[in-house]
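Got a sequence here, can you model it:
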Amino acid sequence: MMKTRIIVLISILSVTACKNKNSNEGLEFSKITETIIQKLADSLLLDSKINAVSIGVYKNGKKHIAHYGELDKGIGNTPTDETLYEIASVSKTFTGVLVSKAVLEGKLSLEDDVQTYLKEEYSNLKYDGAPIKIKHLLTHTSRLPRFLPDNINSLLTEFNESLPFKMYEIQKNYSKKEFFADLQTVVLDTIPGTRYGYSNVDTELIAHILENIYDTPFDELLKEYFGKIANMPNTKIKLSKKEKLQLANGYGMTNKLVPHEANSLFGADGGIKSTMPDLVNYIAFQLNTKNTIVSESHKVIYEKGNRKMSYYWPIKSNEEYGTYFRHHGGSFGTQNWIIIIPKYNFGVSIITNQSDLDTADKLMAVVNQLILEIN
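Prediction:
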């Protein structure tokens, strides 16, 4: 009996010690990470154009989120875990996951002609008899234009403070009916799959295809999957009146207030809004190798020269990080990066509500230093 009690006592002590060890490791991670992030954020906020920044870090199951500065200069409104940000083109990686899910469910195939899933005839979505396939939409190799309507593309030749306002005026009332009418007029310049060309039209078209095969609005598909599977309840395209109050204002090239994205179509290309806690959960989701949908979405489906693409993820690699995934999102008044490094079981998301030509580079400099100091 005494021997049994000693064994039980040892077991209890071992479990307690293990819990304390894990707890201490968590505290140590948070303290070290907080110190590093504070230093880097302070340096970033010395920039006269950047007033606020939110940073989320995930490593080996541990999370750390921090917010700094003022969303609106002079008001003192530091971002919080409830702040909603426009994540712009990082939205495309979410769309890629939903396509991966559809592939594994047998709803579509990467090799399918997109025409298979469109209700109207688009004889123009091919070149010399070669059709645009699903995989071409996912890798920006369809040769579809960057934007529709086409007059937006001509605006991009000159970046200035008026650009967001001009784009917003064109997009705010642009309907799906007009989008598909314009799609009928597109002329491809080469065989799909042979040349990379970044396109938002790619992603809006794949959202339409997902809606057709699931008979469900894209925003509902997004909320249903990521809300349940990835614990991301605040990630969505359409916001309620109350949620709109939590959406961070955006500032442009000269720190003037700029409009939010119009998102009159599907929003799959850049219309998702999210909070930093949700984005850190998204990092954890992306690092879950047991999830077959995630694994499928990370497969290389286009490679040419130094460019590799999976399901909207640009795939990078170097000797230090191994293979990793990195996506940038930039809107009228938001810039952000998300980086996933499986080798380190690590990821980081960083967002500021300011958008200039060099803002993305400033954020990436912080990310690179974070990776260096934390791993």
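
and the spatially most central residue of the chain, which of the three is it?
For the chain, residue 90 is the residue whose C-alpha lies nearest the centre (Cα atoms, centre = their mean; 2.2 Å). With DSSP: H, G, I helix; E, B strand; the rest coil as the basis, residue 90 sits in helix.

Next, the closest residue in space to it that isn't next to it in sequence: phi, psi?
Once flanking residues are discounted, residue 90 sits nearest to residue 329: 3.8 Å by Cβ to Cβ, 6 or more residues apart in numbering. Backbone N, C-alpha and C define where each C-beta goes, glycine included. Backbone torsions for residue 329, taken as degrees, to the nearest 10, come to phi -130, psi 130.

Next, find the distance separating residue 329 from residue 349.
Per Cβ to Cβ, to the nearest Å, residue 329 is found 10 Å from residue 349.

Buried residues of stretch 320-328, list them for me.
321, 324-328 (16 or more other Cβ atoms under 10 Å).

Dump the C-alpha coordinates for it into CSV.
C-alpha atoms of stretch 320-328 as CSV (Å, rounded to 0.1, in the frame of the first residue of the first chain):
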residue,chain,number,x,y,z
GLU,A,320,17.9,29.2,-43.0
TYR,A,321,14.1,29.0,-43.1
GLY,A,322,13.6,26.1,-45.4
THR,A,323,10.4,26.3,-47.4
TYR,A,324,8.1,29.0,-46.2
PHE,A,325,5.0,30.9,-47.2
ARG,A,326,4.6,34.7,-47.4
HIS,A,327,1.8,37.0,-48.6
HIS,A,328,1.5,40.7,-48.7
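
what pLDDT, on average, does that stretch get?
Averaged across stretch 320-328, the pLDDT comes to 97.

Return every residue with contacts to both of residue 329 and residue 349.
336-338 (Cβ atoms under 8 Å, 6 or more residues apart in numbering).

Pipe those residues into JSON lines and attach pLDDT, distance to residue 213 and secondary structure per row.
Output for the shared contacts of residue 329 and residue 349, formatted as JSON lines (pLDDT from 0 to 100; distance: Cβ to Cβ, whole Å; DSSP: H, G, I helix; E, B strand; the rest coil):
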{"residue": "336", "pLDDT": "98", "distance to residue 213": "30", "secondary structure": "strand"}
{"residue": "337", "pLDDT": "98", "distance to residue 213": "31", "secondary structure": "strand"}
{"residue": "338", "pLDDT": "98", "distance to residue 213": "27", "secondary structure": "strand"}
